[in-house]
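Engineer: for reference, the sequence and a predicted model appear below.
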Amino acid sequence: MNHDLFAALVDQVETAALAGGGLSNLSRWICQQTRHPQNPHVPFSLQGHEFQREIMDCARPHVVTRKCTQIGLSELSIRSAVAVTAKFTGISTMYVLPSIRFAQKFAMSRVDPVINNSPRLKALVNPAVFSNELKQIGSSFLYLSGAASTSSGISVPARALYIDEYEWADPNVVSIYISRQGHQTKEDKILRHFSSPLYPGSGISALFESGDQRQYMCYHDACGQWVVLDPLQDMIIPGYDDLIGNLSYLDLDQPGVRTAEAYIQCPHCHEPVTVANMADPERRAWVPAYPEREVASFDCNPLVLPQLRTCQALLDDLRLYRNTVKWVQFSLGKPAESASDMITQAALSAAFQSRLVPVLAADSVQGATVGMDVGKTSHIVVGKKVGRRYEVVWLETVRQTEDNATGTRLVELFDKYHAVQAVLDAGPDISLPKYVRGQLPYGQGWGCYFIRGRGKANLLAWETDELNGTVKVNRNRALDEFVEAFNRGLIWLPPGTRYDEELRHHLQQMKRVTQLDGAGEEAVQWVASTPATHFFFALFYAWLGSQLAEESTFVVPGLQLGRMIGKVRLAA
């Protein structure tokens with residue numbers, strides 16, 4: 001009799017009988033049945049990594065882990081996925097990484113050793129179904145796939161779904177994967193998100209904030225208080241007096257800055273917290289800020305592993321990254337804004353300086369431009385150039401009707417604000433741009449198409465097609481220019497409108513991120529954190545109209561000398 005196979009069957013019976021499906025004892029099973037990653041003769045252990053136990057054993061259907069790098073959570077996530085596949089009977093587990101090529105390499109280097117070094121798992125494996133994409137473990141299946149393409153195994157229904165490095169996954173593909181759990185009851189679903197953060201209020205940080213927000217608190221021996229320790233707030237570097245979030249790698253070598261003496265300060269008593277104090281599991285505990293929330297969310301900053309991620313190790317990371325934002329995001333595990341990657345909160349607050357022009361004063365506006373994001377409810381922005389600054393003077397939403405209310409309203413606003421250019425997206429309804437083009441003077445109404453991959457040699461951010469009345473926009477380059485202008489204070493917004501909150505939300509949903517494409521190569525592109533980006537694009541179209549107006553000083557049918565000059569300027 002194969003004792004390992006018999007024991008595995010006992011495991012499955014026990015799992016089926018336990019409340020929570022056996023998730024609450026997952027760490028014990030992993031420590032008993034898998035081996036140390038560097039020494040297959042030694043059982044896997046959580047010694048020194050005790051913070052991982054509660055993450056492994058959390059029986060909530062949805063668990064979110066926001067993490068820094070180099071604390072062993074990728075090892076944790078794959079062992080958890082393999083254990084769930086082995087312990088549960090007849091289920092499908094999906095383990096999703098940013099790209100299929102990444103998933104294949106991960107399968108060979110991280111997943112296969114876990115299985116091959118475990119007698120219990122090897123007894124369950126079907127050798128005929130053991131590829132980099134699919135492994136049969138007992139009566140269950142483990143799929144490894146990528147989130148860069150909608151064709152990567154998304155037709156498979158799943159009970160357990162692990163999404164690793166969520167920030168680098170295509171959000172549209174991830175939503176399709178999650179839909180594969182649709183036939184499961186809420187209690188039966190096993191959904192796990194792991195990732196380092198990028199930007200505030202989006203991606204893994206948005207998921208973390210929607211959950212119960214657990215912090216790995218520390219009992220400080222010196223003052224007898226339980227405190228939350230965060231190196232971004234509590235790291236002290238003698239000789240450096242600014243915020244840690246402003247720290248540059250150049251500051252580390254300034255005279256008087258003593259990085260070797262850096263330490264963590266207690267936020268309660270302001271005395272140092274020793275590494276030994278932080279590393280004692282008896283003095284650490286996960287504590288939720290909102291225990292009533294359904295989603296369990298864990299915040300793993302580097303001080304969950306203080307004996308390895310010391311202050312000096314973190315500062316060494318900054319020398320390697322040479323970029324403070326990336327250092328905060330990856331090494332410290334906190335979201336951070338970058339002016340090149342999104343509209344920042346500071347720039348957004350500063351932008352609300354212009355004044356809303358009342359409807360009755362519209363006749364005083366000359367040379368405006370109009371932008372419209374088209375949908376069942378279309379979003380419209382009207383603005384004009386004031387020197388170098390683009391100032392929004394009106395915004396509204398309008399629902400489409402059988403008698404084309406959106407097209408009619410755009411033309412009305414064009415006339416009311418004496419506009420010179422109007423830009424609207426050319427999809428999903430191509431008839432709307434055609435209608436607008438027919439109602440406006442020649443060369444003043446444009447349908448916008450976004451295009452990608454035009455090649456590094458072509459430096460144009462956009463170009464017009466007068467014959468068809470369209471403007472072809474290089475998505476990455478044009479949005480780079482638009483966001484840069486916004487963050488430099490060159491776009492002003494009207495305060496005090498009914499759309500303030502919606503406008504703020506829409507403008508911060510677009511992020512410039514580095515993702516892995518289907519071939520596993522890095523690709524930079526602008527992506528939406530949520531579908532709510534309508535005012536972002538309406539404002540972009542209106543701003544683009546002002547750029548077209550500057551370039552089209554002379555309008556001659558079939559020939560635009562101003563646009564030719566614009567091409568020379570853009571390519572210089």
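Structural biologist: Good, I have the coordinates.
Engineer: CA only for contacts and neighbour counts going forward, please
Structural biologist: Fine.
Engineer: once you drop chain neighbours, what's closest to Val420?
Structural biologist: Spatial nearest neighbour of Val420, excluding adjacent residues (Cα to Cα, 6 or more residues apart in numbering): Gly367 at 5.5 Å.
Engineer: phi and psi next, for the one you found.
Structural biologist: When read as degrees, to the nearest 10, the backbone of Gly367 gives phi 70, psi 30.
Engineer: and if you look at Asp251?
Structural biologist: Its backbone dihedrals place Asp251 at phi -70, psi -30, with angles given as degrees, to the nearest 10.
Engineer: who's in contact with it?
Structural biologist: Contacts here follow Cα atoms under 8 Å, 6 or more residues apart in numbering; on that basis Asp251 touches Tyr240, Val257.
Engineer: per-residue confidence for it?
Structural biologist: Note on Asp251: pLDDT of 96.
Engineer: what segments of the stretch 51-200 of the chain are helices?
Structural biologist: Counting by DSSP state H, counting those that start in this stretch, the stretch 51-200 of the chain has these helices, from start to end: 52-57, 73-87, 100-106, 112-116, 119-124, 171-179.
Engineer: just these: most buried one?
Structural biologist: Comparing these on average neighbours per residue, with mean count of other Cα atoms under 10 Å, the densest one is helix 73-87 at a mean of 21.
Engineer: and it, what's its mean pLDDT?
Structural biologist: Model confidence over helix 73-87, given as mean pLDDT, is 95.
Engineer: follow-up on the earlier one: for Gly256, which of the helices of the stretch 51-200 of the chain is the nearest?
Structural biologist: Among the helices of the stretch 51-200 of the chain, helix 73-87 comes nearest to Gly256, with 36.4 Å by Cα to Cα.
Engineer: what's in contact with the closest one?
Structural biologist: Contacts with helix 73-87, where a contact means Cα under 8 Å, 6+ apart, come from 8, 11-12, 15, 22-23, 26, 29-30, 52, 56, 67, 91-93, 95, 110-111, 114-115, 121, 124, 137-138, 140-142, 160, 162, 164, 194.
Engineer: and the helix or strand encompassing Ser27, how far out from the chain middle?
Structural biologist: When secondary structure is defined by DSSP states H and E, Ser27 falls within helix 26-33. For helix 26-33, the gap between its own C-alpha mean and the chain's C-alpha mean amounts to 32 Å (Cα atoms, centre = their mean, to the nearest Å).
Engineer: try stretch 275-294
Structural biologist: 26 Å.
Engineer: buried residues of it, list them for me.
Structural biologist: Buried positions in stretch 275-294, judged by neighbour count with 16 or more other Cα atoms under 10 Å: Val275, Asn277, Met278, Ala279, Pro281, Arg284, Ala285, Trp286, Val287, Pro288, Tyr290.
Engineer: which pLDDT value goes with the fourth one?
Structural biologist: With respect to pLDDT, Ala279 scores 98.
Engineer: got the contact list for it?
Structural biologist: Contacts for Ala279 were tallied using Cα under 8 Å, 6+ apart; they are Gly48, Val304, Leu305, Pro306, Gln307.
Engineer: could you give the average pLDDT over stretch 322-339?
Structural biologist: With pLDDT averaged residue by residue, stretch 322-339 scores 94.
Engineer: what residues does that stretch touch?
Structural biologist: For stretch 322-339, using Cα under 8 Å, 6+ apart, the contacting residues are 66-70, 196-200, 205, 231-232, 245-249, 300-302, 314, 317-318, 321, 344, 483-484, 487.
Engineer: list buried residues within those.
Structural biologist: Burial by neighbour count, 16+ other Cα under 10 Å: within these this picks out 66-69, 196-200, 205, 231-232, 247-249, 300-302, 314, 317-318, 321, 344, 483-484, 487.
Engineer: tell me the bridge partners for Cys300.
Structural biologist: Under the criterion DSSP bridges, Cys300 forms beta bridges with Lys67.
Engineer: now for it: which residues touch it?
Structural biologist: By Cα under 8 Å, 6+ apart, the neighbours of Cys300 are Thr65, Arg66, Lys67, Cys68, Gln215, Tyr216, Gly333.
Engineer: how close does it get to Ser331?
Structural biologist: The gap separating Cys300 from Ser331 is 11 Å, by Cα to Cα, to the nearest Å.
Engineer: and Arg159, how many neighbours?
Structural biologist: Burial of Arg159, expressed as a neighbour count using other Cα atoms under 10 Å, amounts to 22.
Engineer: just the pLDDT at the residue lying closest to it once chain neighbours are set aside, thanks.
Structural biologist: Counting by Cα to Cα, 6+ apart, Arg159 lies nearest to Lys189, which is 5.5 Å off, once chain neighbours are set aside. At Lys189 the predicted local distance difference test score is 94.
Engineer: count the neighbours of Lys189 for me.
Structural biologist: 18.
Engineer: isn't it right up against Pro157?
Structural biologist: No. Lys189 lies out of contact with Pro157 (Cα atoms under 8 Å); the separation is 11.4 Å.
Engineer: shared neighbours of the two, anything?
Structural biologist: Residues touching both Lys189 and Pro157 (Cα under 8 Å, 6+ apart) are Gln181.
Engineer: of the contacts of helix 73-87, grab the buried ones for PyMOL.
Structural biologist: Buried members of the contacts of helix 73-87 can be picked out in PyMOL with the line below, counting by 16+ other Cα under 10 Å:
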select buried, resi 8+11+12+15+22+23+26+29+30+52+56+67+91+92+93+95+110+111+114+115+121+124+137+138+140+141+142+160+162+164+194
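Engineer: ok, which stretches of the stretch 201-350 of the chain are helices?
Structural biologist: All helices of the stretch 201-350 of the chain, identified by DSSP H, counting those that start in this stretch, fall at 203-210, 231-234, 275-279, 311-321, 324-326, 345-351.
Engineer: no more questions from me, cheers.
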